[in-house]
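Participant: Below is the sequence, then the predicted model.
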Amino acid sequence: MSERGRRSRGGRRLRILYVNGPNLNVLGRREPERYGKRTLEEIQRLVSDAAENEGVDVEFFQSNHEGEIVECLQRSSDRVDGIVINPAGLTHTSVPIRDALIYSERPSVELHLSNPAAREPFRRSSRIEDIVVGRVAGFGGYGYLLALYGILEHLRGKRFRGVR
Ligand code: DQA
């Protein structure tokens, strides 16, 4: 890995923020047949290890409160290079989270453990699907790793031409 792929334009290591919405603090105990048996802490450890291998920094935030997520996104805008967000149930409703993501001006990946498109009709719409660079859904906790590689690929400028 070249030094360029590890660093933001300012010369520091790339920094990715993971944001998790309501009820993801009880992962592992919450509908494990759907969301898996791993806790959020276990998933975050896997992501931290992968990030270390990639030579980038990650930070994690979880809240059950929409306003706290909005404030986290506002604070992140000049500190992080990219955002991975699983807004959980707020995916389908939250205009404030959409607006805060736009305010952050950071490339973002929308992430879900399950595949919402294959579930109840009300989960098929996302308030952020058109403002993210990509979406990962349906791969359980492993999706958190896929999203890391996806956002790094985007930040390092190796995107497939013509896709976005
Ligand atoms: C979820 C999907 C949402 O529809 C649901 O409300 C969640 C989790 C997922 O990761 O699969 O809380 O975002």
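Facilitator: Looks like it arrived, so ask away. Numbering: from 1, shown residues only.
Participant: Tell me where the protein is predicted with low confidence.
Facilitator: Counting by pLDDT under 70, the chain contains low-confidence ranges at 1-5, 9-10, 158-164.
Participant: Could I get the contacting residues of Ser63?
Facilitator: Taking Cβ atoms under 8 Å, 6 or more residues apart in numbering as the criterion, Ser63 is in contact with Asn20, Gly21, Pro22, Ile69, Cys72. The way it works is simple: take the backbone N, C-alpha and C, and place the C-beta from them, glycine included.
Participant: Just flag the most distant two among those.
Facilitator: Greatest spacing in the contacts of Ser63, by Cβ to Cβ: Pro22 and Cys72 (13.4 Å).
Participant: Count residues in the vicinity of the residue nearest to Asn25 when sequence neighbours are not counted, would you?
Facilitator: Spatial nearest neighbour of Asn25, chain neighbours left out: Gln62 (5.3 Å); criterion: Cβ to Cβ, 6 or more residues apart in numbering. A count of nearby residues for Gln62, using other Cβ atoms under 10 Å, gives 21.
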